[in-house]
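Undergrad: Just the structure for this:
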Amino acid sequence: MRGGAEIHLGEISARLVADGHEVTVLTTDAQDFELFWDPQARRILKHEGWHDGVRILRFPVRHLPFPLLAYPALRRLLWLLSAFHPIPNSWLFSLSRYTPWVPDLSRWLSETKEGFDLVAGMTICFEPLLEAGLHFARRRDIPFVIYPLTHLGAGANPAEDSLSRFYTMRHQVELVKKSDALLAQTPSEQKFYESQGMSGAKIHVAGPGVHPPDVLGGNGARFRIQHQLDAPIVSCISSMSYDKGTVHLVEAARRLWDAGDTLHLILAGAILGPFRHYLESLPAGERDRIMLLGPITEGVKRDLLAASDIVAMPSRTDSFGILYLEAWLYGKPVIAAQTWGVNDLIEHGRDGFLVPFGDVAALAAAIKQLLKYPAERAALGSQGKQKVYQLHTWERKYAVVREVYEHLVNLEV
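TA: Numbers count the residues shown, from 1 in each chain. Predicted structure coming up:
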């Protein structure tokens, strides 16, 4: 099951190939995100392959001694040093190269004789990979475009809560500012980098989209029959963790069950270790009421979306949230956490609900209201569906990306 960044980059890459371009994606061999700090996590064994005409090269993640301690310690040290301005950014970049540590990727970039016209990098929390791409672009004198996918958090102002500071460290912001163009997810991300001194002329708001034929076609009745479900369904399709709001969603469901409300809670996606420990702490009877699907195929995902009455992902670690677009295509109302970026996408009370991150009472109240009023659910889902077709199809988003790329490449010719 692909995450949002993989979907985003994959769609752009496939469309570039369809337009006649050659695309090579350099990435790691991590099948599990935890591989960056846990050598026991799963790897993708095939290091070279093709998908939708896109060439994919995967490079192994390496580890320092005692990686379970070293990786989080280095990220914490980077955060602390970032706030201490006498420390130069060059020191921060040197430390960050081990988080994740993928030396073979940098080596390939330094040795390859292949020709490229443009380099694009995605996801600012993997800054050592992006920095390697930027240096390669500068050596070749070709444009570098960045998609930082910045998590601006749930604080009173962007980048002010504890989590978002790990995505807006001083050296990360410098990396973005050195880029020839920034393709921002939302106006909030655009304004943040403008506030950091980046020229507005270099920033273009595009964000991800959806291709409706790839998302639609789910059979909700089939899903309900297969799993013997007859009550309203609240679903979340995401990796499961505290920061994704999955713990709060379970706690909200427990409140509603205790109050006598009837609903099925269905969670699909990777089950991260801390969330698994949380589940094990619940009483067995309550744990059994939660349907855990784990990673699912695209076909099962479509059926689940079609079957759901409410799609909730109250996360603080999403800079946009493709899941909300997919739910809207099925006319489903969405519930999200009030975070910078997501609040550009969802209009509270018009096409979904926004609740404070971690506020279980508010989350339970939002679910209860939508369960109680089917007409409101339908109205919110209908407004969301209209928004997708008006603003968020890949045809619209890719046109922005293509124009930026063509402009930059033509400047270099």
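Undergrad: Hmm, Pro100 is touching Phe36, no?
TA: Yes - Pro100 is within contact range of Phe36, at 4.2 Å (criterion: C-beta atoms under 8 Å). All C-beta spots, glycine's among them, are computed from the backbone N, C-alpha and C.
Undergrad: tell me the contacts of the closest residue to Gly273 other than its chain neighbours?
TA: Counting by C-beta to C-beta, 6 or more residues apart in numbering, Glu34 is the residue found nearest to Gly273 once chain neighbours are left out, at 7.2 Å. Glu34 makes contacts with 41, 272-273, as judged by C-beta atoms under 8 Å, 6 or more residues apart in numbering.
Undergrad: Spell out the secondary structure type for Glu34.
TA: Three-state assignment for Glu34 (DSSP: H, G, I helix; E, B strand; the rest coil): helix.
Undergrad: If Ile146 is in a bridge, with which residues?
TA: Gly121, Leu182 (DSSP bridges).
Undergrad: give me every residue that touches it.
TA: 120-122, 124, 130, 175-176, 179, 181-183.
Undergrad: Quick check: end-to-end length of stretch 307-323?
TA: One end of stretch 307-323 sits 15 Å from the other (C-alpha to C-alpha, to the nearest Å).
Undergrad: Phi, psi for Thr24 please.
TA: When quoted as degrees, to the nearest 10, the phi and psi of Thr24 stand at phi -120, psi 130.
Undergrad: if we can go back for a sec, pLDDT for the contacts of Glu34 - can I get that in CSV?
TA: Converted to CSV, the contacts of Glu34 look like this (pLDDT from 0 to 100):
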residue, pLDDT
Ala41, 91
Leu272, 86
Gly273, 83
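Undergrad: By neighbour count, which of these wins?
TA: Leu272 (19 neighbours; other C-beta atoms under 10 Å).
Undergrad: State the distance from that residue to Arg55.
TA: 30 Å (C-beta to C-beta, to the nearest Å).
Undergrad: give the contact list for the residue nearest to Leu293 when sequence neighbours are not counted.
TA: Distances taken as C-beta to C-beta, 6+ apart place Ala268 nearest to Leu293, at 4.1 Å, with adjacent residues excluded. If you count contacts by C-beta under 8 Å, 6+ apart, Ala268 has them with 1, 235-238, 293-296, 300-301, 304.
Undergrad: Touching both of Pro100 and Phe36, which residues are there?
TA: In contact with both Pro100 and Phe36: 30, 61, 71, using C-beta under 8 Å, 6+ apart.
Undergrad: Output the worst-scoring helix or strand of the chain on mean pLDDT as CSV, nothing but the C-alphas.
TA: Here the helix or strand of the chain ranked lowest by mean pLDDT, DSSP states H and E is helix 284-287, holding a mean of 86. Presented in CSV, the C-alpha positions along helix 284-287 are these (Å, rounded to 0.1, in the frame of the first residue of the first chain):
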residue,chain,number,x,y,z
ALA,A,284,-9.5,-7.8,24.8
GLY,A,285,-13.2,-7.2,24.3
GLU,A,286,-12.6,-3.6,23.1
ARG,A,287,-9.6,-4.7,20.9
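Undergrad: That one: how far from the chain's middle?
TA: How far helix 284-287 lies from its chain's middle: 30 Å, per C-alpha atoms, centre = their mean, to the nearest Å.
Undergrad: about what we covered before: so what's the predicted local confidence for the residue nearest to Gly273?
TA: With respect to pLDDT, Glu34 scores 89.
Undergrad: So, low pLDDT: which residues of the stretch 301-413 of the chain?
TA: For the stretch 301-413 of the chain, the stretches flagged by pLDDT under 70 are 412-413.
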